[in-house]
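> what follows is a protein structure lacking sequence information:
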């Protein structure tokens, strides 16, 4: 998980430096692997978390795994900004998660999750 998260961050920050959105499809295809790995860790932890002798270590492992998964999510967010900067359009993945509503009367921008 750590290697994949680091690689996704490196790809995203490199793309941001170069303003190059050409690798977004590759990154988008790889990020779900972190989600699957997290699900695997949670599944593996289920029997271990019930044992009082191992619960602390198990929780630590779960928090670390969740952190790596979130790092992948943040790398995806960087990619979304790169796509917007280069192409001037919202990436489809971003639109699936959030809808943007601009309230001109109040001058506020709010994000509404679906």
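Thanks, I have it. On a predicted model such as this, the values are computed, not experimentally measured, just so you know. Numbering: from 1, shown residues only.
> host element of residue 22?
Following DSSP states H and E, one finds residue 22 outside all helices and strands.
> next, count neighbours for it.
Residues within reach of residue 22, counting by other CB atoms under 10 Å, total 10. (C-beta placed from N, C-alpha, C; glycine too.)
> which residues sit in contact with it?
By CB atoms under 8 Å, 6 or more residues apart in numbering, the contact set of residue 22 is residue 15.
> could you list the buried residues of stretch 40-55?
Using 16 or more other CB atoms under 10 Å as the test for burial, stretch 40-55 gives 41, 45, 49.
> just the residues contacting it, thanks.
Contacts of stretch 40-55 (CB under 8 Å, 6+ apart): 1, 58-59, 61-62, 65.
> now do 7 Å
By CB atoms under 7 Å, 6 or more residues apart in numbering, the residues outside stretch 40-55 that reach it are 58, 61-62, 65.
> by neighbour count, which of the residues you listed wins?
The most crowded member of the contacts of stretch 40-55, judged by other CB under 10 Å, is residue 65 (21 neighbours).
> and the residue nearest the centre of the chain, what element?
Centrality entry for the chain: nearest residue to the mean C-alpha point is residue 73, 0.8 Å, by CA atoms, centre = their mean. Taking DSSP H and E as the criterion, residue 73 maps to helix 55-87.
> buried residues in that helix?
For helix 55-87, burial by neighbour count (16+ other CB under 10 Å) applies to 58, 61-62, 65, 68-69, 71-72, 75-76, 78-80, 82-83, 86.
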